[in-house]
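Undergrad: How does the following fold in three dimensions:
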Amino acid sequence: MPVIRSLGYNITIGKDALKKLSAFLKSAKYSSHVIICDENTLQFCLPTLIMACPALNEAEIIELESGEESKSLDFSAHIWQTLIENKADKNSLIINLGGGVVSDLGGFCASTYKRGIDFINIPTSLLAMADASIGGKTGIDFAGLKNSIGTFTQPKAVFVYPEYLKTLPQRHYKNGLAEIFKIALISDKVFWNGLRTLKPDHNAEQLLTKSITLKNKIVLKDPFDKGARKILNFGHTIGHAIEALLLGTLNELLHGEAIVIGMLVETHIAWQKKLITQKELEDINSTFKKVFEPAKIELATTPILELLKNDKKTSKNKFRFALVNKAGAGKIDVEVNETHIKKAFDYYNTSN
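TA: Numbers count the residues shown, from 1 in each chain. Okay, here's the model as predicted:
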């Protein structure tokens, strides 16, 4: 069973991950346990977790509504209030059982309650397993901006139990594949080429192990997103703006779906900046379109540009992007102007 060492904690992957979790809980001797989940993981994942970990029989359960809307200051306050009412102390443990929303929100609440208590992540979606639960980024959305309030706080452990993927609808599985394709495209050409011919009966655990290993290698170099780690933002500058813009509308997208569009748009920007060739542009586009069938949405650039001005990566009113720099490599802090962005959206809107 793969165990990957990260920033002071282990990422355990495999069918025995919950057994390892049970042993972890037994040895850690926390004063109390609080499980944060949503309505889906409450129904489909929590029973398996409790059965595997008797120490959680008396755990307090906090249920949130699935979806990005729960990553809010209001729901953070609800979690903090529940922790206070249950007399959670500095030796309590928060267990985030769910996808990226749960780990982002739960990690944020844990890192700020009583100036920080321990938390662990048990990701249940492919997106959370491959990306959101790894690396110590926690946060909530505020004022219409994605992840605008948050902390860098590492979990005490991450337990990846691939059996939970069987509970996912196909749309949500593809949502997670987006982040796996991203990490391959910007960091490992061999992995990327393998993904281009990915078969429906692929081994999810192998994909996860490779993807997590690649992300963790980058995170270890740059824990606080000051340099090399910025490459993980490929697709996210545009993708986050699209996700925020469509949130609560009839065209609302899952995170990975927005990031796919972001990667397509930003790949065209990379071509404009002469970082990739025409053939590479066409190969990347055809791969993403074949696997993900991105949404056919006419996207206006003006509201996107307004959101980008408040993006964490914008500096002195200059847009700075992480872009693909040939298959298997990337380049950070690429200065991009409004014309580049508008041309890339025109390309997306006419070619998709």
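
Undergrad: Kindly state the pLDDT recorded for the most centrally placed residue in the chain?
TA: For the chain, the residue sitting closest to the mean C-alpha position, by Cα atoms, centre = their mean, is residue 132 at 3.2 Å. Turning to residue 132, the model gives it a pLDDT of 96.

Undergrad: so what's it closest to, chain neighbours aside?
TA: Beyond its immediate neighbours in the sequence, the residue positioned closest to residue 132 (Cβ to Cβ, 6 or more residues apart in numbering) is residue 100, lying 3.3 Å away. In this view, the C-beta of every residue, glycine as well, is placed from N, C-alpha and C.

Undergrad: Equivalent analysis for residue 304, please.
TA: residue 241 (4.8 Å).

Undergrad: Could you give the backbone dihedrals for residue 38?
TA: Residue 38 adopts backbone torsions of phi -110, psi -180, taken as degrees, to the nearest 10.

Undergrad: where are the low-confidence patches of the stretch 251-352 of the chain?
TA: Counting by pLDDT under 70, the stretch 251-352 of the chain shows low-confidence ranges at 312-313, 315-317.

Undergrad: any chance you could map the helices in it?
TA: If DSSP state H, counting those that start in this stretch is used as the criterion, the helices of the stretch 251-352 of the chain fall at 255-272, 278-292, 301-308, 338-351.

Undergrad: Which one, of these, ends up nearest to residue 62?
TA: helix 255-272 (21.8 Å; Cβ to Cβ).

Undergrad: what angle separates that closest one from helix 301-308?
TA: 100 degrees (axes from the mean of the first three to the mean of the last three Cα atoms, to 10 degrees).

Undergrad: counting contacts, what elements does helix 255-272 pack onto?
TA: Judged by 3 or more Cβ pairs under 8 Å, 6 or more residues apart in numbering; DSSP states H and E, helix 255-272 is in contact with helix 170-187, helix 236-246, helix 278-292, strand 319-324, strand 330-336, helix 338-351.

Undergrad: now do 6 Å
TA: Helix 255-272 makes packing contacts with helix 170-187, helix 236-246, helix 278-292, strand 319-324, helix 338-351 when contacts are defined by 3 or more Cβ pairs under 6 Å, 6 or more residues apart in numbering; DSSP states H and E.

Undergrad: what does it contact?
TA: 127, 175, 178, 235, 238-239, 242-243, 276, 281, 284, 288, 292, 294, 323-324, 336, 340, 344, 347-348 (Cβ atoms under 6 Å, 6 or more residues apart in numbering).

Undergrad: pull the CA atoms of it into CSV?
TA: Output for helix 255-272, consisting of C-alpha atoms alone and laid out as CSV, is shown next (Å, rounded to 0.1, in the frame of the first residue of the first chain):
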residue,chain,number,x,y,z
HIS,A,255,-14.6,22.9,-10.3
GLY,A,256,-12.9,20.5,-12.7
GLU,A,257,-15.3,21.4,-15.5
ALA,A,258,-14.4,25.1,-15.1
ILE,A,259,-10.7,24.2,-14.9
VAL,A,260,-10.9,22.3,-18.2
ILE,A,261,-12.2,25.4,-19.9
GLY,A,262,-9.5,27.4,-18.1
MET,A,263,-6.8,25.1,-19.4
LEU,A,264,-8.1,25.3,-23.0
VAL,A,265,-8.2,29.1,-22.8
GLU,A,266,-4.8,29.4,-21.1
THR,A,267,-3.3,26.9,-23.6
HIS,A,268,-4.2,29.3,-26.4
ILE,A,269,-2.5,32.1,-24.4
ALA,A,270,0.6,29.9,-24.1
TRP,A,271,0.5,29.5,-27.9
GLN,A,272,0.2,33.3,-28.3
